[in-house]
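Novice: Need the 3D shape of this:
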Amino acid sequence: MKLHEKIKAIRRAKNITQSTIALRLNITVQAYSFKENGKRPITTNELEIIASVLEVPASIFFEEDFYLKLNKTTA
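Specialist: Modelled structure (predicted):
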């Protein structure tokens, strides 16, 4: 699973909108949507902000046992 797919999975599991994250990143919803769909790169700084909004450590996006951790963060 790619980084942008993991971000989308956590965001959806936590019922957080794209507009909420876009607002924190100070970009348009369309620009964020491109990032979340893998059409634009996500910077390290953006990843830290996204993790903060999702209330997860940024390291979760790089874990091999992502699905196990996803279940724990959304439970």
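Novice: rest of the way, CA atoms for contacts and neighbours
Specialist: OK.
Novice: How many neighbouring residues does the nearest residue to residue 51 once chain neighbours are set aside have?
Specialist: Closest residue to residue 51 apart from its sequence neighbours, by CA to CA, 6 or more residues apart in numbering: residue 58 at 5.2 Å. Counted by other CA atoms under 10 Å, the residues lying close to residue 58 total 17.
Novice: same deal with the one 3 residues further on?
Specialist: Applying the criterion other CA under 10 Å, we find 22 residues in the vicinity of residue 61.
Novice: what does residue 50 give?
Specialist: Residue 50 has 22 nearby residues by other CA under 10 Å.
Novice: I'd assumed residue 21 was in contact with it.
Specialist: Yes - if you go by CA atoms under 8 Å, residue 50 and residue 21 touch, sitting 6.5 Å apart.
Novice: now this structure, which segments are flagged as low pLDDT?
Specialist: Residues of the chain meeting the criterion pLDDT under 70: 66-75.
Novice: hmm, back to that, how close does the residue nearest to residue 51 sit to residue 30?
Specialist: Distance, residue 58 to residue 30, by CA to CA, to the nearest Å: 23 Å.
Novice: for residue 60, same thing?
Specialist: 25 Å.
Novice: Equivalent analysis for residue 59, please.
Specialist: Using CA to CA, which is the criterion applied here, residue 59 is 26 Å from residue 30.
Novice: Then residue 8?
Specialist: Distance from residue 8 to residue 30, by CA to CA: 14 Å.
Novice: Looking at these two, which one has more neighbours?
Specialist: Each of residue 8 and residue 30 has its neighbours counted (other CA under 10 Å); residue 8 has more, 18 against 12.
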